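K.L.:
quick one: sequence plus predicted model below, questions after.
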Amino acid sequence: MTFFIVSSAIKVFIVFNLILVGVALLTLLERRVCAWMQDRLGPNRVGPQGLLQPAADGLKNFLKEETSPAMADKTLFTLAPIVSFVPALLTFGVIPFASPLPTRWGVVPMVVADLPIGFLYILAISSLGVYGIVLAGWASNNKYALLGGLRASAQMISYEIALGMSTVGVLLLAGNVTLTRVIAQQQNAHAWFIIPLTLAFVIFFISALAETNRLPFDLPEAEGELIAGYHTEYSAMKFSMFYIAEYSNMVTASALMATLFFGGWDVPFTTWDSTGDPTPLKTVVTFAFFGLKTFAFLFTFIWVRWTLPRFRYDQLMALGWKVLLPLTLFYIMILAVAIWFFRSQLGWDYGPGMAWALGGINVALLFALVWWLDRGRIVSGSVAQETA
């Protein structure tokens, strides 16, 4: 019992600090990557190659004078950034980030809490972040902040539906909502879920962009034309906490995509990491591969931000309700029928054969979706509307 408590406390401490340090470095990475894409230098003054810029920004936020609107609800105004910040950190607690680590006292699973409802826990806790945004807009007693909060909450609630439903395919193939079992299923079959669930991954990625308020879905924070939205009245560290929450959600979304669709910490093209007794070397190598997969998605988040233009709000809502929602319902129906046919009629368990057969169905559906969106003008509106 003592070993369990101590190991859990150490994991909480390490994961919490890794996320906070990673978020700080992620702000620097974003500024350097966007500078590279735009053929300029980016932060390079504070420390070698600008590595201390996040520390300088953090110090500035701590020392900067905080302003508070005279007519704001002081309690909720202070509580709102915390409500946004805490769920962003809690959601990472159920994601396995390496193979088990053997110690002289016992084997330590490399996950803070291996809950039997791990994925459902992530959906439930991450949805609480919308309360912080709504409270921030309402407690500011500013009509522009209130409208920004309502706009942001409508966006997040809309895309939470598609985000959750896109993962039903993972649950159908894995037969379990525990993330360690999801990884084990992909390892045992030697086929990551990205192959049979390509369209589900595309829907999940689009929804994750909207849920984390990233371009082209950053309407909650469209500073240039929408007065920054829900955090208009915030400054100093309270303002910074909203951005820490956004980047923490990016890390969690990237780690979740790596876990659900790319085998988590599984090392590709080998069974070395999943067979035999656990060793410290396996833990280190699998942690490195998990980090590489997560970093690849984080880089993609940044890449998309500095590549695509922002949606109009009507386009954003049309994509969520007119495209992604009916698409996920239709997709789940097709996927469930295909899995039933392969298992009951052909006697297949999940493996490379079923994975590639489902992958063919997904590719066909993906091509049909792209053709439909390109010619239907469902997201952009009709020609008559655009002309008018």
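P.N.:
Yep, it's here.
K.L.:
what about Tyr159, how many neighbours?
P.N.:
Other residues near Tyr159 come to 26 when the count uses other Cβ atoms under 10 Å. Glycine gets a C-beta too; all of them are placed from N, C-alpha and C.
K.L.:
distance of it relative to Ala152?
P.N.:
When Cβ to Cβ, to the nearest Å is the yardstick, Tyr159 and Ala152 sit 11 Å from each other.
K.L.:
who are the packing partners of the longest helix seen in the chain?
P.N.:
Criterion DSSP state H: the longest helix present in the chain is helix 2-37. Based on contacts counted as 3 or more Cβ pairs under 8 Å, 6 or more residues apart in numbering; DSSP states H and E, the elements that helix 2-37 packs against are helix 53-63, strand 106-108, helix 236-261, helix 280-305.
K.L.:
and these, which one's lowest on average pLDDT?
P.N.:
Between the helices and strands packed on helix 2-37, the one with the least mean pLDDT is strand 106-108; it has a mean of 83.
K.L.:
residues in contact with it?
P.N.:
By Cβ atoms under 8 Å, 6 or more residues apart in numbering, the list of residues contacting strand 106-108 from outside reads Phe3, Ser7, Lys11, Pro100, Leu101, Pro102, Pro278.
K.L.:
same question for stretch 354-369.
P.N.:
Residues from elsewhere that reach stretch 354-369 (Cβ under 8 Å, 6+ apart): 189, 191, 195-200, 202, 327, 331, 334-335, 338-339, 342, 348.
K.L.:
just these: which are in helices?
P.N.:
Judged by DSSP H, helices contain the following of these: Ala189, Thr198, Leu199, Ala200, Val202, Leu327, Tyr331, Ile334, Leu335, Ala338, Ile339.
K.L.:
and the second one, how many residues sit next to it?
P.N.:
To tie it back to what came earlier, the one meant is Thr198. Thr198 is flanked by 19 other residues according to other Cβ under 10 Å.
K.L.:
look at the closest residue to it other than its chain neighbours and report its pLDDT.
P.N.:
Closest residue to Thr198 apart from its sequence neighbours, by Cβ to Cβ, 6 or more residues apart in numbering: Asn362 at 4.0 Å. Each residue has a pLDDT score; the one for Asn362 is 90.
K.L.:
make sure Asn362 is indeed in a helix.
P.N.:
Yes: when the secondary structure is assigned by DSSP: H, G, I helix; E, B strand; the rest coil, Asn362 falls within a helix.
K.L.:
how much space is there between it and Ile334?
P.N.:
9 Å.
K.L.:
out of these two, which sits in the busier spot?
P.N.:
For Asn362 versus Ile334, neighbours defined as other Cβ under 10 Å are more numerous around Asn362 (24 against 16).
K.L.:
helix, strand or coil for Asp266?
P.N.:
Under three-state DSSP, Asp266 falls in the coil class.
K.L.:
report the contact partners of it.
P.N.:
Ile183, Gln186, Gln187, Trp192, Asp273, Ser274, Thr286, Phe289 are the contacts of Asp266 under Cβ under 8 Å, 6+ apart.
K.L.:
flag every buried residue along the host helix or strand of the third one.
P.N.:
In the assignment (DSSP states H and E), Gln187 maps to helix 179-189. Neighbour-count burial for helix 179-189, counted by 16 or more other Cβ atoms under 10 Å, picks out Leu179, Thr180, Arg181, Val182, Ile183, Ala184, Gln185, Gln186, Gln187, Ala189.
K.L.:
in space, what's closest to the third one - neighbours in sequence excluded?
P.N.:
Excluding its sequence neighbours, the residue lying closest to Arg181 (Cβ to Cβ, 6+ apart) is Ala174, at 6.1 Å.
K.L.:
list the residues that contact that neighbour.
P.N.:
Taking Cβ under 8 Å, 6+ apart as the contact definition, Ala174 lies against Arg181, Val182, Gln185, Phe193.
K.L.:
tell me which of those is nearest to Gly42?
P.N.:
Nearest to Gly42 among those, counting by Cβ to Cβ, is Phe193 at 35.9 Å.
K.L.:
buried subset of the contacts of stretch 354-369, written for ChimeraX?
P.N.:
One line in ChimeraX is enough to select the buried members of the contacts of stretch 354-369, burial here meaning 16+ other Cβ under 10 Å:
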select :189,191,195,196,197,198,199,200,202,327,331,334,335,338,339,342
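K.L.:
do you know how far Ala235 is from Arg31?
P.N.:
Careful, residue 235 is Ser and not Ala. Distance check for Ser235 against Arg31: by Cβ to Cβ, it reads 21 Å.
K.L.:
so these two - more neighbours on which side?
P.N.:
Just comparing Ser235 and Arg31: by other Cβ under 10 Å the higher neighbour count belongs to Arg31, 18 against 14.
K.L.:
now stretch 362-374: buried residues?
P.N.:
Within stretch 362-374, the residues that count as buried by 16+ other Cβ under 10 Å are Asn362, Leu365, Leu369.
K.L.:
what do you get for stretch 233-244?
P.N.:
Glu233, Tyr234, Met237, Lys238, Phe239, Ser240, Met241, Phe242, Tyr243, Ile244.
K.L.:
so what's the last one closest to, chain neighbours aside?
P.N.:
By the measure of Cβ to Cβ, 6+ apart, the closest residue to Ile244 outside its immediate chain neighbours is Val23, 5.6 Å from it.
K.L.:
same thing with the third one?
P.N.:
With sequence-adjacent residues excluded and distances taken as Cβ to Cβ, 6+ apart, Met237 is closest to Asn61, at 5.0 Å.
K.L.:
spit out the contact partners of that neighbour.
P.N.:
Ala236, Met237, Phe239, Ser240.
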